[in-house]
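Visitor: Only the shape, not the letters, is given here:
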């Protein structure tokens with residue numbers, strides 16, 4: 001269930017960010033391709049979970065999460081249809097940076113997902129919680 005929840009979360013984040021992007025051009029979304037992106041997100045999460053739980057392949061599992069993030073993103077971009085003639089220009093360095101971030105975050109998510117049992121054991125969560133507390137107190141003042 002946690003793998004399915006994670007896959008649905010990955011997909012929902014990608015869809016919401018895609019739909020919230022404002023352009024002066026009207027887009028339609030191909031429902032079949034949108035559904036395919038959901039299947040990719042769910043299967044990637046399930047396979048990643050299986051690779052770790054059964055085979056104990058944490059690095060491969062983390063990289064699969066990164067690949068799942070990238071595939072979901074690009075499949076969703078492919079689902080957009082417009083009557084306008086568009087020429088999308090993709091910067092190779094931005095795509096490479098996106099892939100690197102996806103792999104690194106994927107590896108960390110797998111680590112946090114399976115190794116960290118409590119907040120006290122998770123140093124990154126302590127840092128993020130501290131930053132959040134400082135920001136919240138600063139904003140309130």
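Guide: Structure received. These numbers come from a predicted model, not from an experiment.
Visitor: Can you pull out the residues in contact with the helix or strand residue 4 falls within?
Guide: Under the criterion of DSSP states H and E, residue 4 resides in helix 2-20. Helix 2-20 is contacted from outside by 29, 34, 37-38, 41-46, 48-50, 68-69, 72-73, 76-77, 80, 109, 113, using CB atoms under 8 Å, 6 or more residues apart in numbering. Every residue, glycine included, has its C-beta placed from N, CA and C.
Visitor: Among these, the buried ones, what's the PyMOL command?
Guide: Typed into PyMOL, the line below selects the buried ones among the contacts of helix 2-20, using 16 or more other CB atoms under 10 Å:
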select buried, resi 34+37+38+41+42+44+45+48+49+68+69+72+73+76+80+109+113
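Visitor: Would you map the strands across this structure?
Guide: 28-29, 80-81 (DSSP state E).
Visitor: Format those strands as JSON lines; extra columns: mean pLDDT.
Guide: Listed next are those as JSON lines, based on pLDDT from 0 to 100:
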{"stretch": "strand 28-29", "mean pLDDT": "82"}
{"stretch": "strand 80-81", "mean pLDDT": "79"}
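Visitor: possible to save those strands as TSV with distance to residue 17?
Guide: Shown next, in TSV, are those (distance: least, CB to CB, whole Å):
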stretch	distance to residue 17
strand 28-29	13
strand 80-81	13
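Visitor: on that earlier part again, just checking, which of the contacts of helix 2-20 belong to helices?
Guide: Assigned to helices by DSSP state H, the following of those qualify: 34, 37-38, 41-46, 48-50, 68-69, 72-73, 76-77, 109, 113.
Visitor: mind checking pLDDT for residue 127?
Guide: Per-residue confidence (pLDDT) for residue 127: 65.
Visitor: same deal with residue 38?
Guide: Residue 38 is given a pLDDT of 93.
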